[in-house]
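Asker: What follows is a predicted structure for the sequence shown.
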Number of protein chains: 2
Amino acid sequence: MHLNQQQILAADRKFRLNLINSLTGIKPANLIGTTSPEHGTNLAIFSSVVHLGATPPLYGFIMRPLDVMRNTYANIKETGVYTINHVPLDKAQSAHQTSGKYPEDISEFDECGFTESYIDGFTAPFVEESPIKLGLRFVDELSIKQNDTHLIIGEIEHVLCSDEYVDARGYVDFEQADIAGIGGLNRYYRLSLENEYPYVRLSK
Amino acid sequence: MHLNQQQILAADRKFRLNLINSLTGIKPANLIGTTSPEHGTNLAIFSSVVHLGATPPLYGFIMRPLDVMRNTYANIKETGVYTINHVPLDKAQSAHQTSGKYPEDISEFDECGFTESYIDGFTAPFVEESPIKLGLRFVDELSIKQNDTHLIIGEIEHVLCSDEYVDARGYVDFEQADIAGIGGLNRYYRLSLENEYPYVRLSK
């Protein structure tokens, strides 16, 4: 199969959405938790979280301000904080369910069967059922003018993770933590550790 | 384990690098192919490709202009085009090897055992061994001032993929294509399709 851009743009809309959303490869399955003083907590699935740097620890994710995830955006802008929680494979269906367009005053925690948990001094809700939970503070947003999306940049303030998934080198075992990966918009993948290769040093 | 930002920043540098690189979750394994009229072809592994939109088909990836991947950046700016090629699981070790600091005139295609392939009217080299190959044209770059990285934005001009991995809906089967996922800086994961859930429609 060889499609050029003209053929991609002329294809059926749903086919194009699925194909282009799939062709980046495997994506992380993350639930982003936020809260609003007025409307309560919100939880939404994202697959666009990307590492920007370790010092300071910065992550980004892609947001369409006007789409279904607008509550997440509004809450982050209002409170300055959010959580990123990895989706356990056995909760993938519940996590996927957070992508529905719930009314503002309905919490996806309740609707989709997740439990809020909190730490002192941090207002955003973590997902109790998640084996890896991160607390972030909003830092900046960059506008991608070509399609009106935004790169939301945040700094990691808290890492909550069971010791058993992190080794002394800082490596995290996704297979043992049993977290999911996402393909396209609808598919959830199991992750099995296949190999580990050392940092590449070339001889002169 | 609960680490706050102070503890993350005070941790051993390599521990922090591994941990923060790992904690986004699973990442795609992509080889980016470029060429320079002066120095020939270049191939480098990236795990930060992210979907920005389907209409037009836009992808981004994160680049540190001054690091080992600087040839990729220079070549994209010079020629305007690049390829994104998915890493087959059985070539993960060779793909990882492209992260070494090779001299500018050495092609990672030759050094790491990959074969260049081309299509008419597009100058960037594809990876013959890759089951999913994309040809992109540079569109824009956004500067992330917090850590001097850049989001490189490109438009998909070509999709090259065997029919057997794409169904009539545009879904791509990563398990059948046997492509790899990356955890942190060093780990390669096998992807097994676990489940597929429909678009979430809520009743009124």
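Answerer: Perfect, thanks for sending it.
Asker: Name the secondary structure element that contains residue A:93.
Answerer: Taking DSSP states H and E as the definition, residue A:93 sits inside helix A:92-97.
Asker: partners of the residue nearest the centre of chain A in the sheet?
Answerer: Of all residues in chain A, the one closest to the mean position by C-alpha atoms, centre = their mean is residue A:30, 3.2 Å from it. In this entry, residue A:30 is beta-bridged to residue A:46, residue A:86, by DSSP bridges.
Asker: okay, and for chain A, where does confidence drop off?
Answerer: Applying pLDDT under 70 to chain A flags the ranges A:65-69, A:204.
Asker: can you give me the strands in it?
Answerer: Counting by DSSP state E, one finds strands in chain A at the ranges A:2-4, A:27-28, A:30-36, A:40-46, A:50-54, A:57-63, A:81-86, A:116-119, A:122-127, A:132-144, A:149-161, A:180-183, A:187-196.
Asker: Tell me which of those strands sits nearest to residue A:20.
Answerer: When the strands of chain A are compared by C-beta to C-beta, strand A:2-4 sits nearest residue A:20, at 10.3 Å. Glycine gets a C-beta too; all of them are placed from N, C-alpha and C.
Asker: for the closest one, packing partners?
Answerer: Where contact means 3 or more C-beta pairs under 8 Å, 6 or more residues apart in numbering or on different chains; DSSP states H and E, strand A:2-4 is packed against strand B:149-161.
Asker: Is the strand it packs on positioned near chain A?
Answerer: Yes - judged by C-beta under 8 Å from any C-beta of the partner chain, strand B:149-161 and chain A are in contact via B:149, B:151, B:153, B:155, B:156, B:157, B:158, B:159, B:160, B:161.
Asker: Tell me the one of those residues nearest residue A:7?
Answerer: Nearest to residue A:7 among these: residue B:159, at 8.6 Å, using C-beta to C-beta.
Asker: Now neighbour count too, for the residues of strand B:149-161 next to chain A, in TSV please.
Answerer: What follows is the residues of strand B:149-161 next to chain A, written out as TSV (neighbours: other C-beta atoms under 10 Å in any protein chain shown):
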residue	neighbour count
B:149	22
B:151	23
B:153	21
B:155	19
B:156	22
B:157	20
B:158	22
B:159	21
B:160	18
B:161	21
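Asker: Serialize the residues you listed to JSON lines and add fields for distance to residue B:168.
Answerer: Formatted as JSON lines, the residues of strand B:149-161 next to chain A follow (distance: C-beta to C-beta, whole Å):
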{"residue": "B:149", "distance to residue B:168": "39"}
{"residue": "B:151", "distance to residue B:168": "33"}
{"residue": "B:153", "distance to residue B:168": "30"}
{"residue": "B:155", "distance to residue B:168": "25"}
{"residue": "B:156", "distance to residue B:168": "20"}
{"residue": "B:157", "distance to residue B:168": "23"}
{"residue": "B:158", "distance to residue B:168": "21"}
{"residue": "B:159", "distance to residue B:168": "15"}
{"residue": "B:160", "distance to residue B:168": "19"}
{"residue": "B:161", "distance to residue B:168": "14"}
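Asker: list the contacts for residue A:142?
Answerer: Neighbouring residues of residue A:142 by C-beta atoms under 8 Å, 6 or more residues apart in numbering or on different chains: A:150, A:151, A:153, B:142, B:144, B:151.
Asker: ok, the fourth one to residue B:121 distance?
Answerer: Remark: distance between residue B:142 and residue B:121 (C-beta to C-beta, to the nearest Å) = 28 Å.
Asker: now do the second one
Answerer: Taking C-beta to C-beta as the measure, residue A:151 and residue B:121 are separated by 31 Å.
Asker: How about the first one?
Answerer: Shown here: residue A:150 relative to residue B:121, a distance of 34 Å by C-beta to C-beta.
Asker: Of the two, which one has the most company?
Answerer: For the pair residue A:150 and residue B:121, the greater number of neighbours falls to residue A:150 (17 against 9), based on other C-beta atoms under 10 Å in any protein chain shown.
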